[in-house]
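> got a predicted structure here, sequence first:
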Amino acid sequence: MACTDMVADINTTYCCTMPSTSAPSGHPYVVPSTGKETPIKKDEAGAFSLIRKALEDRGISNEAQQIIINSWRRTTRKQYQTYLKQWFHFCEGKHDPFKPLVATVIAFLSHLYSKGITYSAIGIARSAICEFDKITSNVDLSNNNLISRFMKGVFNTRPALPRYKEIWDVRTVLDFLSKTENDTLLFLAGKLSMLFLLLSAQRCQTLHLICLEDINISDERLIINTSHLLKTSKPGRHQTPFLFDSFKSDKRLCIVSVISEYLQRTKDLRNTNKLLISTVKPHGAVSKQTIWIKLIMHRAGVHKSFKPHSTRAAASSITHMRGVPLQTIIESAGWSNAKTFAKYYDKPVSNTNGKSMQAIIDIAN
């Protein structure tokens, strides 16, 4: 599958091909074998310590307890903990949080609704309570008709509408990147981040997790292996390697050239094996929140209402508009099927005209 297709329609300067398991040799950054274990720290706080205790009472070993707790991603555990803490406070002295009445659950969700909490957040609270009670007390409320009916009412009165009705034109950013020199490490890091996200239609999480050993680079091609647990990873389905061909028409928009320059300029600064490092001392690994996408978008003139995650919709929407096969887009972005793209990411592109469309087609040629 070709990223050339993915970004063919993004600007006409690059060519990227994905996925492929073959890798060029002769470079110090090599693609590792698959199967690297992603460590997950124990979460002993609040509700999850009670879940651990309930599992222990059932005769589950400590090792198995941790594996079961790791079935929830760290971000999910954090979200659940927020609402379970409120749930315990709501039930304190009045209700049993372990074996609650349906009326009590609905009262709590109604309490959140009265505080202005969104439909999606109330849905997280509901899931947290259902998962907690299912584990600790073997009480399953997940398919309760009354609770489901309540949630439908919440949606009808407070619908979860899409954040964007249309998406920005990637040419706006590519034009800016093409005309701006890599005069500072900050800008170079931002350019590398933006090019990767536009060429792959991936999340910032993917970029944040890339390590030096995941990279295989030559003069003509860049391969980035994805040996990490991503949000879209599922049993039996994992993101294939990203393969980008060099774009010789404009080195300022060639991700192979940009990452080579970035690695060279950071070689004597870095104290971490993560690809992206801080631009200030001690030059450690950066967090997802630090990745400089918003800075590039702002300097390029993208409206401030668009968040960094909008790069995913911007890249996939423009390529779909230009006729790139839907399967290519789905595989590159890591979606399991076309429904996710159609429901959340396929947007009309704002300020698009014939000239910009021709420029995007040229990129792939």
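Right, received. Where do you want to start?
> ends of stretch 291-307, how far apart?
This stretch, stretch 291-307, spans 12 Å end to end (CA to CA, to the nearest Å).
> which outside residues touch it?
Residues lying outside stretch 291-307 but in contact with it, judged by CB atoms under 8 Å, 6 or more residues apart in numbering, are 163-164, 167-168, 172-173, 175-177, 186, 189-191, 193-194, 197, 204, 207-208, 276, 308, 311. All C-beta atoms are positioned from the backbone trio N, CA, C, and that covers glycine.
> mean confidence score for it?
Per-residue pLDDT values across stretch 291-307 average out to 88.
> which residues of the stretch 101-250 of the chain score low on pLDDT?
Across the stretch 101-250 of the chain, the ranges flagged by pLDDT under 70 are 229-234, 236-237, 239.
> now the element after the host helix or strand of residue 106, going C-ward?
Secondary structure assignment for residue 106, by DSSP states H and E: helix 102-114. With elements assigned by DSSP H and E, the helix or strand that comes after helix 102-114 is helix 119-137.
> for whichever helix or strand comes after that following helix, output the C-alpha coordinates as CSV.
Of the helices and strands lying after helix 119-137 in sequence (DSSP H and E), the nearest is helix 145-157. Taking Å, rounded to 0.1, in the frame of the first residue of the first chain, the C-alpha atoms of helix 145-157 are listed here in CSV:
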residue,chain,number,x,y,z
ASN,A,145,-33.1,-1.3,29.8
LEU,A,146,-33.9,1.7,32.2
ILE,A,147,-30.3,2.9,32.3
SER,A,148,-30.0,2.5,28.5
ARG,A,149,-33.3,4.5,28.1
PHE,A,150,-31.9,7.2,30.4
MET,A,151,-28.8,7.5,28.3
LYS,A,152,-30.9,7.9,25.1
GLY,A,153,-32.7,10.7,26.8
VAL,A,154,-29.4,12.4,27.7
PHE,A,155,-28.3,12.1,24.0
ASN,A,156,-31.5,13.6,22.7
THR,A,157,-31.4,16.6,25.1
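> centre-most residue in the protein?
The centre of the chain sits closest to residue 203, judged by CA atoms, centre = their mean, with a distance of 3.3 Å.
> picking up where we left off before, of the contacts of stretch 291-307, select the buried ones using a ChimeraX command.
In ChimeraX syntax, the buried subset of the contacts of stretch 291-307 is picked out as below (16 or more other CB atoms under 10 Å):
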select :164,167,168,172,173,175,176,177,189,190,191,193,194,197,204,207,208,276,308,311
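> and the angle from the helix holding residue 106 to helix 145-157?
Calculated by axes from the mean of the first three to the mean of the last three CA atoms, to 10 degrees, helix 102-114 forms an angle of 10 degrees with helix 145-157.
> what lies in contact with helix 102-114?
Residues from elsewhere that reach helix 102-114 (CB under 8 Å, 6+ apart): 83, 86-87, 90-91, 95, 121-122, 125-126, 129, 141, 144, 146-147, 150-151, 154, 158.
> and if we set it to 10 Å?
By CB atoms under 10 Å, 6 or more residues apart in numbering, the surrounding residues in contact with helix 102-114 are 83, 86-87, 89-91, 94-97, 100-101, 117-119, 121-126, 129-130, 133, 141, 144-147, 149-151, 153-154, 157-158.
> filter the residues you listed to the buried ones?
83, 86-87, 90-91, 95, 97, 100, 117, 119, 121-126, 129-130, 133, 141, 147, 150-151, 154.
> how close does the residue nearest to the centre of the chain sit to residue 118?
As defined by CB to CB, to the nearest Å, residue 203 lies at a distance of 21 Å from residue 118.
> and residue 63, by the same measure?
In this structure, residue 63 and residue 118 are separated by 38 Å, where distance is defined by CB to CB.
> equivalent analysis for residue 191, please.
For residue 191, the distance to residue 118 (CB to CB) stands at 35 Å.
> and what of residue 227?
Spatial separation of residue 227 from residue 118 under the definition CB to CB is 35 Å.
> same check, this time on residue 331
Distance, residue 331 to residue 118, by CB to CB: 32 Å.
> now do residue 278
Residue 278 is 33 Å from residue 118, where distance means CB to CB.
> go on, residue 149?
Look at residue 149 and residue 118: by CB to CB, they are 19 Å apart.
> what do you get for residue 69?
Between residue 69 and residue 118 the computed distance is 27 Å (CB to CB).
> kindly report the same for residue 266.
Here the criterion is CB to CB. By it, residue 266 lies 40 Å from residue 118.
> isn't residue 321 right up against residue 349?
Yes: under the criterion of CB atoms under 10 Å, residue 321 is in contact with residue 349, at a separation of 6.3 Å.
> who has more neighbours out of those two?
In terms of neighbours (other CB atoms under 10 Å), residue 349 is the more surrounded of residue 321 and residue 349; the figures are 21 against 16.
> list the contacts for that one?
Contact analysis of residue 349 by CB under 10 Å, 6+ apart lists 166-171, 313-314, 317-318, 320-322, 356-357, 360.
> one more pass at 8 Å, please.
Residue 349 makes contact with 166, 167, 168, 169, 314, 317, 318, 321, according to CB under 8 Å, 6+ apart.
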